[in-house]
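In: Would you be able to build a 3D model of this:
(chains A and B)
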Amino acid sequence: MLELIKQTWSWWFSGAAIASIMFFMLFFGQSFGFSANLRTICSAAGCGKSVKFFDFNWKSQIWNLVFLVGAIIGGFIANQFLSNGEPVNISAETIQDLSKMGISAPTSAQPDELFSLNAIFSLKGFLILALGGLMVGFGARYGGGCTSGHAISGLSDLQLPSLIAVVGFFIGGLLMTFVLFPLIF
Amino acid sequence: MKFLKFLILGIIFGIVMAKSEAFSWYRIQEMFRFQAFHMYGIIGTAVILGVLGVFLIKKFNLKDFYGNPITFYPKEKSIVRYLVGGTIFGLGWALSGACPGPMVVNIGYGYLGMIVVFFFAIVGTYLYGYFKDRLPH
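Out: Predicted coordinates for the structure are as follows:
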């Protein structure tokens, strides 16, 4: 049993688990949208004094911050107790494409070229991480949500704005992967 | 105690993101290169079950665990903000290999570089709030 849990979980089980999390949120009287936490953190840090967008009762969002803390703990548990140490099981084509860019085949879940301490403390490595985060944070709020809010919650409610946002996610993702990556790496 | 259920949901979410490998930069690259079904299977399964469930909630006017009706708020109509915001998000998603949820899962997993990504995601959110009134919506 534990051996089964330690392997990569199947897409259908993982997808069903994510849908279940969304439904539990709804039945707990809330909705599933992770990036709202970023706005809540800005508000809790006192940004509401100078920027109206952050001037709201952030304490009403503590439930979502607790969910965020849980997600950190979940990541820790997955690594400490539920990992068999195998690298992520990506396709051979992807490994080949990435090696042409100088990204080595997986030895864990993340490439050393981007996430090792050496990479973080190099100028280029730092800028990649910082710029990536900046665009995710800015784009999530401008677009009104992230993968959980739009791709999962919004599409489940058949909302056209969410479909437009998800199309945007892919325009941006493809642009980065096929146009900008060859210039960056 | 009233927050304990959200802590447990968060822990399950973190474990699922890690064990499905959806929190991996490699998996996001594989997805944007259309070289495996895995990520599409995860999101597709979640959406198909989500559509079914939301349909049933609406059809039978289901109440939440506290007896309040479950309501869905239609998002405001616009194209520009969703398309432009979504595209900027997608650029960042492919570059950092993580959307906001998986960022913190990575931090818990031990990938400390994601602290940089998450910190700047907060900065990006602040910049949006700062420039909000000057952006087309």
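In: Tell me who's in contact with the nearest residue to A:Leu131 once chain neighbours are set aside.
Out: Once flanking residues are discounted, A:Leu131 sits nearest to B:Leu95: 6.5 Å by Cβ to Cβ, 6 or more residues apart in numbering or on different chains. From N, CA and C alone the C-beta is placed, and that goes for glycine too. Neighbouring residues of B:Leu95 by Cβ atoms under 8 Å, 6 or more residues apart in numbering or on different chains: A:Ile128, A:Leu131, A:Gly132, A:Met135, A:Met176, A:Leu180, A:Ile184.
In: what do you get for A:Pro87?
Out: Contacts of A:Pro87 by Cβ under 8 Å, 6+ apart are A:Ala105, A:Pro106, A:Thr107, A:Ser108, A:Ala109.
In: on contacts alone, who are the packing partners of the one helix or strand B:Val47 maps to?
Out: Assigned by DSSP states H and E, B:Val47 belongs to helix B:38-59. When contacts are defined as 3 or more Cβ pairs under 8 Å, 6 or more residues apart in numbering or on different chains; DSSP states H and E, helix B:38-59 packs onto helix A:11-27, helix A:155-156, helix B:25-32.
In: quick one: which of these is nearest B:Ile57?
Out: Among those, helix A:11-27 comes nearest to B:Ile57, with 7.0 Å by Cβ to Cβ.
In: Contacts made by the helix or strand that the closest one is followed by with the rest, please.
Out: Downstream of helix A:11-27, the next assigned helix or strand under DSSP H and E is helix A:36-44. Applying Cβ under 8 Å, 6+ apart, the contact partners of helix A:36-44 are A:51, A:53-56, A:58, A:61, A:64-65, A:67-68, A:137, A:140-141, A:149, B:100, B:121-122, B:124-126, B:129.
In: Helices along chain B, start to end?
Out: B:4-19, B:25-32, B:38-59, B:80-96, B:100-109, B:113-131 (DSSP state H).
In: Which stretch among the ones you listed is buried most, on average?
Out: For the helices of chain B, the largest average neighbour count (mean count of other Cβ atoms under 10 Å in any protein chain shown) is found in helix B:100-109, namely a mean of 28.
In: does A:Pro182 really touch A:Met101, like I thought?
Out: Yes: applying Cβ atoms under 8 Å as the test, A:Pro182 and A:Met101 come out as touching, 7.4 Å apart.
In: mind saving the C-alpha coords of stretch B:53-65 as CSV?
Out: Output of stretch B:53-65 as CSV, limited to C-alpha atoms (Å, rounded to 0.1, in the frame of the first residue of the first chain):
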residue,chain,number,x,y,z
GLY,B,53,-21.0,18.7,-9.4
VAL,B,54,-21.8,22.4,-9.9
PHE,B,55,-24.6,21.4,-12.2
LEU,B,56,-26.1,19.1,-9.5
ILE,B,57,-25.6,21.7,-6.7
LYS,B,58,-27.6,24.3,-8.8
LYS,B,59,-30.2,21.8,-10.0
PHE,B,60,-31.1,20.7,-6.5
ASN,B,61,-30.3,24.0,-4.8
LEU,B,62,-28.0,22.2,-2.4
LYS,B,63,-27.1,23.9,0.9
ASP,B,64,-23.6,24.0,2.5
PHE,B,65,-22.8,22.3,5.8
